[in-house]
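Asker: no sequence on this one, just coordinates:
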């Protein structure tokens, strides 16, 4: 069955106005064009939709049923199309993203605040998740994009590095490291280390840094968030290695010292490979890139 929206809209106009000429005027068409659309629709459905007289056009029983049903369906379709059309507006819509905790506490708040001011019609929904969960959410299409530490398998995603974030040692102000300008990786050999657990993308980089330098280490505590690590350091349980973006949450009485040689983690935006972003998601992606340049 080949029924077009033009035929249905012409039918609803005639049914509403009870007149072909008035319906044609409302549709900005000629009367013969409207008559042809109705004739083609009746032929396609094999049913008479109007009883015609010299004074008015009245829907038949089949016409009255079609008028009610088609009006409802086209109203719903118009709503769907209007919603789809809003997705083409780069400054309006809903954006879903996921970010690892060390970035959710550092880079993300500033960027979301910027978007709220610059693009108030964009709604950003954030998931604060571990590295593995962020990758799974992007891979499964649960979010538009993710903000992660460099993924171990970048070939799975379209990846853009936006920032190089250096690692530091955090210790108490009364620790022997606190007065130094920098601390070597070797100096951490005999320290009690409090590190993020292996769900963190940063942990892989820290472990590799010790392994490639053949430095044995003693990890006494593994935690899920830098804030927890800072509280453990504050309690005198050891020192921690943490990225610079997490230092905004550094508590009084703690000191951050540069590591030598420097080790960076690459902060990356990731999305599903070969999948385009919606215009509002692309706007937020670009905002994160611009914010990272400002921080750099």
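Answerer: Nice, I can see it. Bear in mind that the values here come from a model prediction, so they are computed numbers and not experimental data.
Asker: contacting residues around the closest residue to residue 41 other than its chain neighbours?
Answerer: Counting by C-beta to C-beta, 6 or more residues apart in numbering, residue 7 is the residue found nearest to residue 41 once chain neighbours are left out, at 4.2 Å. No exception for glycine: its C-beta is placed from N, CA and C like everyone else's. By C-beta atoms under 8 Å, 6 or more residues apart in numbering, the contact list for residue 7 reads 37, 38, 40, 41, 44.
Asker: where does residue 7 sit relative to residue 29, distance-wise?
Answerer: Residue 7 sits 12 Å away from residue 29, going by C-beta to C-beta, to the nearest Å.
Asker: what stretches of the stretch 1-150 of the chain score poorly on pLDDT?
Answerer: For the stretch 1-150 of the chain, the stretches with pLDDT under 70 are 86-90.
Asker: which stretches of it form strands?
Answerer: Assigned by DSSP state E, counting those that start in this stretch, the stretch 1-150 of the chain shows strands spanning 50-52, 57-59, 93-99, 122-128, 145-149.
Asker: Show me where this structure has its helices.
Answerer: Using DSSP state H, the helices found in the chain span residues 5-17, 20-27, 31-45, 61-86, 101-104, 107-118, 131-139, 201-212, 226-234, 279-295.
Asker: Wait, residue 264 touches residue 168, no?
Answerer: No. Counting by C-beta atoms under 8 Å, residue 264 sits too far from residue 168 to count as a contact (11.3 Å).
Asker: Of those two, give the one with the bigger neighbour count.
Answerer: Counted by other C-beta atoms under 10 Å, residue 264 and residue 168 do not tie: residue 168 has more neighbours, with 22 against 14.
Asker: In the sheet, which residues pair with the more buried one? Tell me.
Answerer: With DSSP bridges as the criterion, residue 168 is bridged to residue 242, residue 258.
Asker: Would you enumerate the residues in contact with it?
Answerer: Residue 168 touches 241, 242, 243, 244, 247, 256, 257, 258, 259, counting by C-beta under 8 Å, 6+ apart.
Asker: one more time with 7 Å
Answerer: 242, 244, 247, 256, 257, 258, 259 (C-beta atoms under 7 Å, 6 or more residues apart in numbering).
Asker: try residue 233
Answerer: 170, 171, 172, 194, 239, 240, 254.
Asker: Residue 139 too?
Answerer: Counted by C-beta under 7 Å, 6+ apart, residue 139 has contacts 156, 272.
Asker: redo that, cut-off 8 Å
Answerer: Listed by C-beta under 8 Å, 6+ apart, the contact set of residue 139 reads 156, 157, 272.
Asker: So which of those are in strands?
Answerer: By the criterion of DSSP state E, membership of the contacts of residue 139 in strands covers 157, 272.
Asker: ChimeraX command to pick out the buried ones of the contacts of residue 139?
Answerer: If you want just the buried ones from those in ChimeraX, going by 16 or more other C-beta atoms under 10 Å, the selection is:
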select :157,272
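Asker: Now distance to residue 135 and pLDDT too, for the contacts of residue 139, in CSV please.
Answerer: Formatted as CSV, the contacts of residue 139 follow (distance: C-beta to C-beta, whole Å; pLDDT from 0 to 100):
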residue, distance to residue 135, pLDDT
156, 8, 84
157, 8, 91
272, 11, 91
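Asker: right, so the strands of the stretch 1-150 of the chain: which one is the most enclosed?
Answerer: Of these, the one with the most neighbours on average (mean count of other C-beta atoms under 10 Å) is strand 145-149, at a mean of 26.
Asker: what sits up against that one?
Answerer: 97-100, 102-103, 107-108, 131, 134-135, 137-138, 200-202, 205, 265-271, 277, 281, 285, 288.
Asker: Low-confidence ranges, the stretch 151-296 of the chain, go.
Answerer: 296.
Asker: Got the phi and psi for the residue of the chain most remote from its centre?
Answerer: Relative to the centre of the chain, the most outlying C-alpha is that of residue 54, 60.0 Å out, by C-alpha atoms, centre = their mean. Note on residue 54: backbone dihedrals following degrees, to the nearest 10 are phi -70, psi -20.
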